[in-house]
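In: quick check, what structure comes out for this input:
(one chain, ligands or ions: 1)
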Amino acid sequence: MTDEASRTATGAVTLSELERRAAERRQRPRHGHDALIVCDRLVRIFTAQDVEVQALQGLDLVVAPGELMALVGASGSGKSTLLNILAGLDAPTAGSATVAGFDLLGMDSRTRLRYRREVVGFVWQQTARNLLPYLTGRQNALQAMRLSGRVEGRRRRAARAAELLELVGAEECADRRPHRMSGGEQQRVAIAVALANHPALVLADEPTGQLDSATAEQVLGAFRRANEELGTTVVIVTHDRAVAQAVDRTVAIRDGRTASEVVRHTTVDEEGRTTVHAREYAVVDRVGRLQLPHNFTEALGIRHRVLLDLEPDHIEVRPDRPADE
Ligand SMILES: Nc1ncnc2c1ncn2[C@@H]1O[C@H](COP(=O)(O)OP(=O)(O)OP(=O)(O)O)[C@@H](O)[C@H]1O
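Out: Take a look at the predicted model:
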């Protein structure tokens, strides 16, 4: 339709043009339609002793199926709050959060239980929170399957427990109880247990926080194998730079919002040498808000406002200062 045809003589948009635009909007795929996790303007407010803490302040996050990604950020930025919501352990105050088609705000308690048993698996920093101390590695995995009923038949469950312990490199822990496993072994067995019910998503909160760097690398290797071989989406909250730099995408959270992200891809040259390329992006939310990195605003003394200029292929952001300063 030409612009003239879509307007009345007085310049107003015609009714048929408005109807056409509405139909076009309806046909457009909705935001994050092919994603596994979609958080939209997520807010979580805690109230303690009449004081309100806004742990999440309109956080947006989209994670595609099959991603291996990390969430980083200063202490108190809201990482664990977000993970608890994604785990179905806590409910947001406002906004929306969907994981594998489950609406995390609107779930009744039965659906929530099913979600926690079948859709997500967790690995926490404290090894004692991950495994039952009186069961062996194999029994821990079997117990998780028995509780959900998702893997039917004793033989199938036994085969799956053995496969998963092998996948994470912890076969030798099958007949050992946690107190006879090292910290790294306990975390690898915890990954096997988290994977037991074929979850679409595994969430991990500081899974290498109590481990030395060599052991942390083995644990990360187990997450990577789960991601590559089973296609499980993995989201790891971490302060460990080595972990944050080893995943495909690292999203930084600042003051309860996603602020920036680093995306990595690997290339192999003619001589077979691999190079990892990393690029940092600022995140633009759905209404166009952008958080400028703290070191950038500090370097230019930016406080309350900036001057924006639209260039053909970029936007210029300049401090609001008189030109002769
Ligand atoms: N149950 C709660 N009651 C009151 N305030 C809370 C609660 N849980 C978290 N907070 C507050 O919410 C904010 C975000 O906390 P959160 O634990 O999500 O941060 P984090 O980024 O995971 O920090 P860390 O890296 O130290 O674990 C903090 O100010 C914290 O004090």
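
In: can you list the low-confidence ranges for the stretch 1-150 of the chain?
Out: 1-6, 28-32 (pLDDT under 70).

In: enumerate the residues of the protein near the ligand.
Out: Residues of the chain found near the ligand (CB under 6 Å from any ligand atom) are 46, 48, 53, 55, 73, 75, 76, 77, 78, 79, 80, 81. From N, CA and C alone the C-beta is placed, and that goes for glycine too.

In: quick one, which of these are buried?
Out: 55, 73, 77, 78, 79, 80, 81 (16 or more other CB atoms under 10 Å).

In: does the residue nearest the centre of the chain count as helix, strand or coil?
Out: For the chain, residue 235 is the residue whose C-alpha lies nearest the centre (CA atoms, centre = their mean; 4.5 Å). Of the three states, residue 235 takes strand under DSSP: H, G, I helix; E, B strand; the rest coil.

In: which of the buried ones among the residues of the chain next to the ligand fall within helices?
Out: 79, 80, 81 (DSSP state H).

In: picking that back up, distance to residue 202 for the buried ones among the residues of the chain next to the ligand - can I get that in TSV?
Out: Shown next, in TSV, are those (distance: CB to CB, whole Å):
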residue	distance to residue 202
55	23
73	20
77	22
78	20
79	16
80	16
81	19
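
In: and this protein, what are its domains?
Out: Domain segmentation of the chain under automatic domain parsing yields 37-268, 292-325.

In: in the shortest one, which residues are buried?
Out: Across domain 292-325, burial judged by 16+ other CB under 10 Å covers residue 302.

In: can you tell me the average pLDDT over that domain?
Out: If you average the pLDDT over domain 292-325, you get 85.

In: please renumber the chain so that the first residue is 269 from this point on.
Out: That works, and once the first residue is 269, the last one we named lands at domain 560-593.

In: the strands in the stretch 269-418 of the chain, which residues?
Out: 305-316, 319-331, 336-340, 362-367, 370-371, 388-391 (DSSP state E, counting those that start in this stretch).

In: most packed of the ones you listed?
Out: Of all those, strand 388-391 carries the top mean neighbour count, a mean of 25, counting by mean count of other CB atoms under 10 Å.

In: output that strand as CSV, restricted to C-alpha atoms.
Out: Presented in CSV, the C-alpha positions along strand 388-391 are these (Å, rounded to 0.1, in the frame of the first residue of the first chain):
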residue,chain,number,x,y,z
VAL,A,388,15.3,-28.5,35.2
GLY,A,389,18.3,-30.1,37.0
PHE,A,390,20.4,-28.2,39.5
VAL,A,391,24.0,-28.3,40.7
